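1. Let's see this in three dimensions:
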Amino acid sequence: MDAHVGRFMDSVGSIFRGSDTLPWCDRDIIAGFEREIAEAANEEHKNDSLMRLSWALVHSRQPEDVNRGIGMLQASLDKSNNPVQIREKLYLLAVGHYRTGDYTRSRQLLERCLEIQPDWRQALTLQNIVEDKTKRDGMIGMAIITGAFGVVGLVAGGIIAAASSSRKK
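-> As a prediction, this is how the structure comes out:
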């Protein structure tokens, strides 16, 4: 279990080192946290383990894991009354929605995090990542649309040129 926790901490540390990418989590870590929940001696330990599992799930490369993590966090959010717990769960939900490509929802959740703690570095970092991804995707979309119009223009021009040259004959 110590190896799983060590890899978990290394992944978490990457965001604190100013990395502009979110850490990924593999299936071994997820399985370790699932075992930890099953072996929990008391409710407090189980809740801590559930938070670690939720973290691992939303940081997974597997969409089904990410969606499972989102579901777990959403179900537990209403039961939280501690502002720090709420902030952490909102952040992890934002990570999950970012991973699924729902940047609008991720941005909304991050805004709620920052209402609780405006200077929270993790949320600010993820907010920048979401904004950069949104801008980059927007630019790619514009390039595709521009390219499509260019192709349509070339095809239409070719048809017009062919039609006008056939009339001259």
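2. Now do the buried residues in stretch 120-138.
-> Neighbour-count burial for stretch 120-138, counted by 16 or more other CB atoms under 10 Å, picks out 120, 122-123, 125-127, 129-130. Glycine gets a C-beta too; all of them are placed from N, C-alpha and C.
3. so can I have CSV of the residues you listed showing pLDDT?
-> Shown next, in CSV, are these (pLDDT from 0 to 100):
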residue, pLDDT
Trp120, 95
Gln122, 94
Ala123, 96
Thr125, 95
Leu126, 96
Gln127, 96
Ile129, 94
Val130, 95
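4. Helix or strand for Lys135, just tell me which one.
-> Lys135 is part of helix 121-168 when elements are defined by DSSP states H and E.
5. and which of the buried residues of stretch 120-138 is nearest to Thr100?
-> Closest approach between those and Thr100, by CB to CB: Val130, at 12.3 Å.
6. so who does the closest one touch?
-> Shown in contact with Val130 (CB atoms under 8 Å, 6 or more residues apart in numbering): 94, 98, 103, 106-107, 110.
7. again, 10 Å this time
-> Listed by CB atoms under 10 Å, 6 or more residues apart in numbering, the contact partners of Val130 are 94-95, 97-98, 103-104, 106-107, 109-110.
8. Distance of it relative to Leu92?
-> 14 Å (CB to CB, to the nearest Å).
9. do the same with Asp48
-> The gap separating Asp48 from Leu92 is 14 Å, by CB to CB.
10. neighbour-wise, which of those two wins?
-> Leu92 (23 against 14; other CB atoms under 10 Å).
11. Model confidence at the more buried one, what's the number?
-> Model confidence at Leu92, given as pLDDT, is 98.
12. Quick check: the two most widely separated of the contacts of Val130?
-> Spatial extent of those (CB to CB) is set by the pair Val95 and Thr104 at 14.7 Å.
13. And these two? Which one has more around it.
-> Ranked by neighbour count (other CB under 10 Å), Val95 and Thr104 place Val95 first, with 29 against 11.
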